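*Asks:* coords please:
(one chain, ligands or ions: 2)
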Amino acid sequence: MISPLIQITPPPSRESDEELIAQIQQLRKERNAVIMAHNYQIPAIQDLADFVGDSLALAREATRVDAEVIVLCGVSFMAETAKLLNPQRTVIIPDPNAGCSLADSITAEQLREWKAQHPGAVVVSYVNTTAAVKAETDICCTSSNAEKVIRSIPEETPILFCPDMFLGDYLKRITGRQNMEIWAGECHVHAGIRPEEVRELLEHTPDAELLIHPECGCTSSLVWAHGQGMLPEHTFMLSTDGMIRHARASHATNFIVATETGLLHRMQRENPTKRFFPADRAAVCVYMKMITLPKLRDALRDLQPQVTIPEDIAVRARRSIERMLAVS
Ligand code: 13P
Ligand code: SF4
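*Replies:* Ligands and ions are numbered 1, 2, ... in the order given. The predicted model follows:
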């Protein structure tokens, strides 16, 4: 028997996704806001966003926005990039704690020390860096344009590349560039994707095309194995948008996708007759998944949390992004 003294509190009422989406649609109109989402966002957010893309596409799109408010559903460095390119607009990120383990692998202080050891070198930073690191950078790059950016630098000029060692290593191989120092940073999600798992999947689906993001820990050994003819001809190193375009254009039916699993949503939605297998089901970026429908609704309602960047950092950081956009 239940004692009369015990109070049973009903569980807090939870709004359904449909209710949240309806509120978001209403608020985005009232706020004159554009919602931009990265390819790794949860499906519900990808489906309602005005624009979904990779880091480069998000940066490019940010230069074309004419809405008053930009809501960046992605990680902090992406929201910072949008703000750098739109200093006069309100840029909000639904959860400012959505960081990036790769961006955290180098600080501005560390980069200044590294530069001091290599005077005359050009600093190329992957866009997965903080605004403070970008302020110390000559030119940024993303996985979409990294090769182009490296080739745009005169051959005799030494390069400091940061922070992703797998991407750096891959770039060194494909450009044959010897005078390039690479920072030993990595993304915990991609570094965890192992070549053994990819090989095992290939054994089960030998006709599958293998799509690898150059941040992957499997990149170096798989690229080497590819060069030795140990992998199928159908192996492609691509950015997340590159994978989307490839899946659309390819005549293959099966694809093994070595990147964060959020990308498979868009691939599968756009190509219902094709099959996409994650190279590693555990490749989930917890930071990307911190952006949820309730947080997006609250951010639009309150116009918070806003992205702010100190002006002295913003001026220098913006230059490194604009140089990148000019060569890509
Ligand atoms: P893309 O530029 O290919 O979208 O990659 C961004 C990223 O964070 C990969 O983990
Ligand atoms: Fe950063 Fe890796 Fe997440 Fe991409 S997947 S945002 S590189 S932690």
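
*Asks:* got any ranges where the stretch 201-328 of the chain has weak pLDDT?
*Replies:* Within the stretch 201-328 of the chain, the set of residues satisfying pLDDT under 70 comprises 223-228.

*Asks:* all the helices of it, residue numbers only.
*Replies:* For the stretch 201-328 of the chain, the helices defined by DSSP state H, counting those that start in this stretch occupy 219-227, 240-249, 263-270, 293-302, 311-327.

*Asks:* which of those helices sits closest to ligand 1?
*Replies:* Evaluated over those, closeness to ligand 1 peaks at helix 240-249, with 3.7 Å, by CB to the nearest ligand atom. Glycine gets a C-beta too; all of them are placed from N, C-alpha and C.

*Asks:* poorly predicted segments of the stretch 1-150 of the chain, please.
*Replies:* Under the criterion pLDDT under 70, the flagged ranges of the stretch 1-150 of the chain are 1-13.

*Asks:* what's the burial count for the residue of it found nearest ligand 2?
*Replies:* Ligand 2 sits closest to C100 of the stretch 1-150 of the chain, with a gap of 3.2 Å, by CB to the nearest ligand atom. C100: 22 surrounding residues under other CB atoms under 10 Å.

*Asks:* can you tell me how far it is from I106?
*Replies:* 11 Å (CB to CB, to the nearest Å).

*Asks:* got the helices of the stretch 201-328 of the chain as JSON lines, with mean neighbour count and distance to S144 columns?
*Replies:* What follows is the helices of the stretch 201-328 of the chain, written out as JSON lines (neighbours: other CB atoms under 10 Å; distance: least, CB to CB, whole Å):
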{"stretch": "helix 219-227", "mean neighbour count": "18", "distance to S144": "16"}
{"stretch": "helix 240-249", "mean neighbour count": "18", "distance to S144": "6"}
{"stretch": "helix 263-270", "mean neighbour count": "18", "distance to S144": "14"}
{"stretch": "helix 293-302", "mean neighbour count": "19", "distance to S144": "26"}
{"stretch": "helix 311-327", "mean neighbour count": "17", "distance to S144": "10"}
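
*Asks:* looking at the ones you listed, spot the one closest to L72.
*Replies:* Of all the helices of the stretch 201-328 of the chain, it is helix 293-302 that lies closest to L72, at 9.8 Å by CB to CB.

*Asks:* so who does the nearest residue to N97 once chain neighbours are set aside touch?
*Replies:* Spatial nearest neighbour of N97, chain neighbours left out: M290 (6.3 Å); criterion: CB to CB, 6 or more residues apart in numbering. Contacts of M290 were listed using CB atoms under 8 Å, 6 or more residues apart in numbering, and they are D95, N97, A98.

*Asks:* if you set the cut-off to 10 Å instead, what comes out?
*Replies:* Shown in contact with M290 (CB atoms under 10 Å, 6 or more residues apart in numbering): I42, V75, I93, P94, D95, P96, N97, A98, G99.

*Asks:* so which of those is the most crowded?
*Replies:* Using other CB under 10 Å as the neighbour criterion, I93 leads these with 28 neighbours.

*Asks:* so which helix or strand takes in the spatially closest residue to that one that is not a sequence neighbour?
*Replies:* Setting aside the residues directly before and after it, I93 is nearest to A79 in space (CB to CB, 6+ apart), at 3.9 Å. If you go by DSSP states H and E, A79 is part of helix 76-85.

*Asks:* how many neighbours does I212 have?
*Replies:* I212, neighbours per other CB under 10 Å, totals 28.

*Asks:* isn't it right up against T219?
*Replies:* Yes. Counting by CB atoms under 10 Å, T219 is a contact partner of I212 at 6.1 Å.

*Asks:* any common contacting residues for these two?
*Replies:* Residues touching both I212 and T219 by CB under 10 Å, 6+ apart: F166, Y170, H190, I193, P195, H226, M237, A258.

*Asks:* against which helices or strands is the helix or strand just after the helix holding A79 packed?
*Replies:* Following helix 76-85 in sequence order, the next helix or strand is strand 90-92 (DSSP H and E). Under the contact criterion of 3 or more CB pairs under 10 Å, 6 or more residues apart in numbering; DSSP states H and E, strand 90-92 touches strand 33-38, strand 69-73, helix 76-85, helix 293-302.

*Asks:* just the CA trace of the third one, in CSV.
*Replies:* This file holds the C-alpha atoms of helix 76-85, laid out as CSV (Å, rounded to 0.1, in the frame of the first residue of the first chain):
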residue,chain,number,x,y,z
SER,A,76,32.1,26.1,-32.3
PHE,A,77,34.8,26.7,-34.9
MET,A,78,32.1,26.6,-37.7
ALA,A,79,30.0,29.2,-35.8
GLU,A,80,33.1,31.4,-35.4
THR,A,81,33.8,31.1,-39.1
ALA,A,82,30.3,32.3,-39.9
LYS,A,83,30.7,35.2,-37.5
LEU,A,84,34.1,36.2,-39.0
LEU,A,85,32.5,36.4,-42.4
